[in-house]
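A.B. asks: Using only what follows, build the 3D model:
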Amino acid sequence: MSSLKTQVIQLIQQLPDDVTIDDILSELYFKLQVDKGLRELDEGNGIPHLKVKERVSKWVSQ
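C.D. replies: So this is what the prediction gives:
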C-alpha cells in the first residue's frame with residue numbers, strides 16, 4: 001500500500017487545476033470520513049442495512 005503522503009498527492013493531482021484550498025480540504029475530509037467508516041465496518045461496528053433503511057425513511061417522511 002502506498003504511503004499516506006502519496007495517497008494525498010494522488011488525490012490532489014486528480015482535482016481540476018482551478019481547485020481551491022477549501023476544495024482540497026473538503027476532499028481530504030471526505031476521504032478521512034470514508035476511510036473511518038470502512039475501518040468501522042471491518043471491525044464489525046457497522047449499522048445493519050435494514051436499520052439504515054428505517055432511519056432514512058424517517059428523515060424522508062419529515
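A.B. asks: And the residue nearest the centre of this structure?
C.D. replies: residue 34 (2.6 Å; CA atoms, centre = their mean).
A.B. asks: Restrict stretch 46-62 to CA atoms and write it as CSV.
C.D. replies: Provided in CSV are the C-alpha atoms of stretch 46-62 (Å, rounded to 0.1, in the frame of the first residue of the first chain):
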residue,chain,number,x,y,z
GLY,A,46,-21.5,-1.1,11.1
ILE,A,47,-25.2,-0.5,11.1
PRO,A,48,-27.3,-3.3,9.5
HIS,A,49,-28.9,-2.4,6.2
LEU,A,50,-32.4,-2.7,7.5
LYS,A,51,-31.7,-0.3,10.4
VAL,A,52,-30.3,2.3,7.9
LYS,A,53,-33.4,2.0,5.8
GLU,A,54,-35.6,2.7,8.8
ARG,A,55,-33.5,5.7,9.8
VAL,A,56,-33.5,7.1,6.2
SER,A,57,-37.3,6.6,5.8
LYS,A,58,-37.8,8.7,9.0
TRP,A,59,-35.7,11.5,7.5
VAL,A,60,-37.5,11.4,4.2
SER,A,61,-41.0,11.4,5.7
GLN,A,62,-40.4,14.5,7.8
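A.B. asks: residues in contact with the helix or strand bottoming out on mean pLDDT in the chain?
C.D. replies: For the chain, counting by mean pLDDT, DSSP states H and E, helix 49-61 ranks last in confidence among helices and strands (a mean of 89). Residues outside helix 49-61 that contact it (CB atoms under 8 Å, 6 or more residues apart in numbering): residue 47. Placement of C-beta: from N, CA and C, glycine included.
A.B. asks: what about that helix, distance to the chain center?
C.D. replies: 20 Å (CA atoms, centre = their mean, to the nearest Å).
A.B. asks: just stretch 40-59 next, same as before
C.D. replies: In terms of CA atoms, centre = their mean, the centre of stretch 40-59 is set 16 Å apart from its chain centre.
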